[in-house]
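**Q** Sequence and computational prediction follow.
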Amino acid sequence: MNLRKTALAAVAATTVLSLAACGSDSSGASGSGKDGGQITFLIDSLGASWVPNSASFSSFQGNVFDQIYDKLVYVSDKGEASPWIAESWENNDDYTQFTLHLKSGVTFSDGEKLDAAAVVANLDYWAKGQADKGIAAIGLFPKTYTSATAVDDTTVQVNFSAPTLGFIPTLGYAGSALYAPKALEGTAEDQADLSKNFGSGPYVVKSWKADDSVVLTKRNDYAWGPEASGNTGAAHIDTITYKINADPAVRTAAVQSDQAQVAYNPTPQQITDLKSQGFEVYTPVYIGFVYGWSLNTKTDIFKDVKVRQAVQHGIDRDEIIKTVYTDDWKAATSFFNDTVPGVADESDTFDYDADESAKLLADAGYTKGADGILEKDGKALELTLYANPYLGTSKQVDQLIATQLGKLGIKVNVQAYDVITYGEKVKILADNVAAYETTRSFGDASTAANVLTDKGENWFNVGSSDTTLNTLRDKIITATDPDQRNTDLAELQKYVLEQAYFIPITQLVQRPILASSKLDGLVQDSTAFTRFANASIGD
């Protein structure tokens, strides 16, 4: 079989942070930071489940997982893939078969080998889940995956039913973490026990207490980190304690007073204040979807494309950023963040234009009643927004949008629930949910195209009825020419936004952190999680 190497020569650049005017002394493949010390990382939640394939881990548990698990491929914040546990790889001409060559001598913290057999077990776990245990597959893993075979201890052959150009970048996705096979053999309850989830990463779990804290200690024999991250060897910092504190003011104050070293999720208002005081706060934008709404086209309000387009043009995104956020947030230019390879600027398609919105609504047959609310056939034009509890600013954004659309005559109600109630009451495609507030990180835009249609999560409730959308999806996910794929991807973005299936709001600053001025060498990759393998702490 004709195999060819893909993108191995250049090691991807990463973002290495020197926070709060620290001098940087932590570059270099083996790491050159100061050894020793411990840090406390204050976080608003540690999520509801430690099952590795749990979709909920990305916002909170991922901070811990990023320290204890490795990946096959490292993907930088620019989307550039470079070796990690897979030190090289090849693919055939039509991208239906890949061969991964693994580093030798890698072990999980329970003593198992991270060899080809372990990688095969993980690939199956990601692609298929474990239905008998109620564990789902990773939603954004390529649906074209058929099988993987251990050729020898350090060689894995991966097979797909159709061309899968985005496979390698997907191996750096947040969900594509490598777990010890014995851990995967456990029950769902076992897999939800963090102390039994063994990885091969630079830290191991020392202790954890549900709804309270996780304590990690460094693994002294770690020697296989990604060169692109700045340290291939053991971590410098001895201990990381993740501690829950739900109050963002308390979290940031603890770092300012040196009682903690990292505060997760400072609010936009806090970020402005901290910067004015001379603190440096990192505000990453991950590779993924923007923050916006997927519209349920089967609901009364959004079955008409003119109404969908009117709502698109009725949202003033600049006002949202100026009112709710800071200059660290940028207006959306597509339904992908600008960090995504293959993103296209389609902002003209949905720019703010209140006059155009009014015209579209009139063309759709709506007229204002005595109360100023638009109506048609005696029915008011009314929308309920369900604030996303995972995004602290969501309710404030929704209230501002309610005011903006209210000026057009659209009645907007804003409903906010806590995380548990939201999960019970607000489901994508539910009859009562016309606009589902969403964002999502992913490994590659090729796999992301799947979630929009009935081959994935059917975000817009169009099923198989939109042949243009489905044809574009199929061309993208089966592409064999990267340039043609990007052309088709641009066409997909334009089409989805012209149909107003998705309403982009802002590019999402996700997982921002305030860090102590004593910390140096923090690294964040395409997932926007902070890695501590290259970090060190001074006096």
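**A** On my side now, so go ahead.

**Q** for residue 100, helix, strand, or coil?
**A** For residue 100, the assignment made with DSSP: H, G, I helix; E, B strand; the rest coil gives strand.

**Q** Helix or strand with the lowest mean pLDDT in this protein?
**A** strand 15-17 (a mean of 30; mean pLDDT, DSSP states H and E).

**Q** which outside residues touch whichever helix or strand comes after that one?
**A** Remark: after strand 15-17, the chain's next helix or strand is strand 38-43, criterion DSSP states H and E. Applying C-beta atoms under 8 Å, 6 or more residues apart in numbering, the external contacts of strand 38-43 come out as 60, 63, 237-245, 250-251, 254-255, 259-265, 516, 519, 532, 535, 537. Quick note: C-beta positions are derived from backbone N, CA and C, even for glycine.

**Q** Mind giving me the ChimeraX command for buried ones among those?
**A** Restricted to buried positions by 16 or more other C-beta atoms under 10 Å, the ChimeraX selection for the contacts of strand 38-43 reads:
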select :60,63,237,238,240,241,242,243,244,245,251,254,255,260,261,262,263,264,265,516,519,532,535,537
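
**Q** Restricted to strands, list the contacts of strand 38-43.
**A** Taking DSSP state E, the ones among the contacts of strand 38-43 that sit in strands are 239, 240, 241, 242, 243, 244, 262, 263, 264, 519, 537.

**Q** Using JSON lines, please lay out the residues you listed together with distance to residue 395.
**A** Below are those laid out as JSON lines (distance: C-beta to C-beta, whole Å):
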{"residue": "239", "distance to residue 395": "36"}
{"residue": "240", "distance to residue 395": "32"}
{"residue": "241", "distance to residue 395": "31"}
{"residue": "242", "distance to residue 395": "26"}
{"residue": "243", "distance to residue 395": "26"}
{"residue": "244", "distance to residue 395": "22"}
{"residue": "262", "distance to residue 395": "26"}
{"residue": "263", "distance to residue 395": "22"}
{"residue": "264", "distance to residue 395": "20"}
{"residue": "519", "distance to residue 395": "32"}
{"residue": "537", "distance to residue 395": "36"}
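
**Q** The residues you listed: which two are farthest apart?
**A** 244 and 537 (21.5 Å; C-beta to C-beta).

**Q** And the closest residue to residue 172 other than its chain neighbours, what's its pLDDT?
**A** Spatial nearest neighbour of residue 172, excluding adjacent residues (C-beta to C-beta, 6 or more residues apart in numbering): residue 75 at 3.1 Å. Model confidence at residue 75, given as pLDDT, is 92.

**Q** oh, and call the first residue 416 from now on, that's how I've got it
**A** That works, and once the first residue is 416, the last one we named lands at residue 490.

**Q** Residue 490 pairs with what?
**A** Note on residue 490: beta-bridge partners residue 496, judged by DSSP bridges.

**Q** before we move on, the earlier item: which one of the ones in strands among the contacts of strand 453-458 is nearest to residue 886?
**A** Out of those, the member with the shortest distance to residue 886 (by C-beta to C-beta) is residue 679, at 41.9 Å.

**Q** ok, now which ones touch that closest one?
**A** 456, 457, 458, 459, 478, 666, 926, 927, 928.

**Q** ok, the fourth one - how many residues close by?
**A** Counted with other C-beta atoms under 10 Å, residues neighbouring residue 459 total 16.

**Q** That one touches residue 665, doesn't it?
**A** No: assessed by C-beta atoms under 8 Å, residue 459 is found out of contact with residue 665, at 10.2 Å.

**Q** could the ones in strands among the contacts of strand 453-458 be laid out in JSON lines, adding distance to residue 548 and pLDDT?
**A** Shown next, in JSON lines, are those (distance: C-beta to C-beta, whole Å; pLDDT from 0 to 100):
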{"residue": "654", "distance to residue 548": "33", "pLDDT": "98"}
{"residue": "655", "distance to residue 548": "30", "pLDDT": "98"}
{"residue": "656", "distance to residue 548": "31", "pLDDT": "98"}
{"residue": "657", "distance to residue 548": "26", "pLDDT": "97"}
{"residue": "658", "distance to residue 548": "30", "pLDDT": "97"}
{"residue": "659", "distance to residue 548": "27", "pLDDT": "96"}
{"residue": "677", "distance to residue 548": "34", "pLDDT": "96"}
{"residue": "678", "distance to residue 548": "36", "pLDDT": "96"}
{"residue": "679", "distance to residue 548": "30", "pLDDT": "94"}
{"residue": "934", "distance to residue 548": "39", "pLDDT": "92"}
{"residue": "952", "distance to residue 548": "40", "pLDDT": "93"}
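
**Q** for those residues, which one is nearest residue 518?
**A** residue 655 (24.4 Å).

**Q** can you map out the strands along the stretch 616-765 of the chain?
**A** 618-624, 628-633, 654-659, 677-679, 696-697, 706-710 (DSSP state E, counting those that start in this stretch).

**Q** Could you export those as a markdown table, including distance to residue 769?
**A** Output for those, formatted as a markdown table (distance: least, C-beta to C-beta, whole Å):
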| stretch | distance to residue 769 |
| --- | --- |
| strand 618-624 | 51 |
| strand 628-633 | 49 |
| strand 654-659 | 43 |
| strand 677-679 | 38 |
| strand 696-697 | 34 |
| strand 706-710 | 18 |
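
**Q** right, so of the ones you listed, which gets closest to residue 816?
**A** Nearest to residue 816, of these and by C-beta to C-beta, is strand 706-710 at 9.5 Å.

**Q** For that closest one, report the contacting residues that lie outside it.
**A** Defining contact as C-beta under 8 Å, 6+ apart, one finds that strand 706-710 is touched by 717, 723, 747, 750, 806, 843, 849-854, 874-875, 915-923.

**Q** the helices in the stretch 666-815 of the chain, which residues?
**A** 683-691, 720-728, 732-739, 769-778, 809-821 (DSSP state H, counting those that start in this stretch).

**Q** Any buried residues in stretch 815-832, and which?
**A** 815, 816, 817, 819, 820, 823, 824, 825, 826, 827, 829.

**Q** Spatially nearest residue to the third one, not counting backbone neighbours?
**A** In space, residue 817 comes closest to residue 827 once its chain neighbours are excluded; the distance is 3.7 Å by C-beta to C-beta, 6+ apart.

**Q** now do the second one
**A** Distance criterion C-beta to C-beta, 6+ apart; nearest residue to residue 816, sequence neighbours excluded, is residue 730 at 5.7 Å.

**Q** Now do the most centrally placed residue in the chain, the pLDDT please.
**A** Taking C-alpha atoms, centre = their mean as the criterion, residue 856 is the residue nearest the geometric centre of the chain, at 2.3 Å. Looking at residue 856, its pLDDT stands at 83.

**Q** residues contacting it?
**A** Contacts of residue 856 (C-beta under 8 Å, 6+ apart): 473, 588, 589, 701, 702, 703, 704, 925, 941, 942, 943.

**Q** now swap in residue 920 and tell me
**A** Residue 920 neighbours (C-beta under 8 Å, 6+ apart): 705, 706, 707, 708, 730, 732, 735, 747, 812, 816.

**Q** rerun at 10 Å
**A** By C-beta atoms under 10 Å, 6 or more residues apart in numbering, residue 920 lies in contact with 705-708, 730, 732, 735-736, 744, 746-747, 765, 809, 812-813, 816, 852, 854.

**Q** could you pull out the strands for the stretch 766-915 of the chain?
**A** With DSSP E, counting those that start in this stretch as the criterion, the stretch 766-915 of the chain has strands spanning 782-783, 789-791, 794-795, 797-802, 826-831, 850-853.

**Q** and among these, the most buried is which?
**A** strand 850-853 (a mean of 22; mean count of other C-beta atoms under 10 Å).

**Q** which helices and strands does it pack with?
**A** strand 706-710, strand 797-802, helix 809-821, strand 917-921 (3 or more C-beta pairs under 10 Å, 6 or more residues apart in numbering; DSSP states H and E).

**Q** Can you list the strands that that strand pairs with?
**A** strand 706-710 (antiparallel).

**Q** mean confidence for the partner strand?
**A** For strand 706-710, the per-residue pLDDT averages 97.

**Q** picking that back up, mind putting the helices of the stretch 666-815 of the chain in TSV, mean pLDDT and distance to residue 463 included?
**A** Listed next are the helices of the stretch 666-815 of the chain as TSV, based on pLDDT from 0 to 100; distance: least, C-beta to C-beta, whole Å:
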stretch	mean pLDDT	distance to residue 463
helix 683-691	89	26
helix 720-728	98	32
helix 732-739	96	27
helix 769-778	98	39
helix 809-821	97	19
